[in-house]
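A.B. asks: Would you be able to build a 3D model of this:
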Amino acid sequence: MAVLPTQKWDEHLRQKRTGFYLHFWCLSPAVAFKAIRDDTQSVILTSGTLSPLEGIQYELQCTFHHQLIADHVIANGQVLVAAIDRGVHGEQLKMTYQNYSNEAMFRDYGESLLTLFENIPEGIVVFFPSYKCMEKCVAHWTQSGIYERMAAVKRMYEEPSGGNETATKAFMDAIEQFGRDCGNVRYVKKYKRSKAYA
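C.D. replies: Presented below is the predicted three-dimensional model:
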């Protein structure tokens, strides 16, 4: 609930007037989903990020009697989540707006990733706070030669922003090639099944 200033057209004054209005917002997805749940015979809800489904059922206040949850491609032993505070040259790896002009931090960030690339077999996923940050890093690493050294060690793919079909195909092809490169036949088979439905 909030009281907010809102402009509305006043017919008598023939101009816009600012008034304060009380707004009620419903932040429960169950309210919006109720009409779907009550008025349909079947609902197919699909996503790659809804698991575990217990939380979704609770949020939507709906029980899904038939569920299919596919295996994850990556086994638990293949994932390491770590926070690295300092780079190989001792720079604090703090990706803030104030550090966007810190050349030493960008260099150390790239050199640190390169060290990981050289020591971790198969693939690595690197997350950035934003596309702008990723573009800034890649531009710096390209200019300094670090990106070329990274590409010599690992196949590189940069996810583009927005929904670009060509970029999506390029990404799927890069993933398929990665599966082939590391000999993960099980993954390539799963990829081909998902590609058949795309």
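A.B. asks: can you confirm Ala104 is in a helix?
C.D. replies: Yes: the assignment for Ala104 by DSSP: H, G, I helix; E, B strand; the rest coil puts it in a helix.
A.B. asks: Without its sequence neighbours, what residue ends up closest to it?
C.D. replies: Of all residues not flanking Ala104 in the chain, Glu91 sits nearest, at 5.4 Å (Cβ to Cβ, 6 or more residues apart in numbering). For the C-beta atoms, the positions are set from N, CA and C on the backbone; glycine is no exception.
A.B. asks: Contacts only, for the one you found.
C.D. replies: Asn102, Ala104, Met105, Arg107, Asp108, Tyr109 (Cβ atoms under 8 Å, 6 or more residues apart in numbering).
A.B. asks: give me the element the fifth one is part of.
C.D. replies: So that's Asp108. helix 103-119 (DSSP states H and E).
A.B. asks: which residues touch that helix?
C.D. replies: Defining contact as Cβ under 8 Å, 6+ apart, one finds that helix 103-119 is touched by 84, 87-95, 99, 124, 126, 136-137, 140-141, 144, 146-147, 149-150, 153-154.
A.B. asks: try it again with 10 Å
C.D. replies: The contact list for helix 103-119 (Cβ atoms under 10 Å, 6 or more residues apart in numbering) reads 82, 84, 86-96, 99-100, 102, 123-124, 126, 136-147, 149-154, 156.
A.B. asks: Pull out the buried residues from those.
C.D. replies: Among the contacts of helix 103-119, those classed as buried by 16 or more other Cβ atoms under 10 Å are 87, 91, 93, 95, 99, 102, 123, 137-138, 140-141, 146-147, 150, 153-154.
A.B. asks: now for these, which pair is the farthest apart?
C.D. replies: Asn102 and Gly123 (28.6 Å; Cβ to Cβ).
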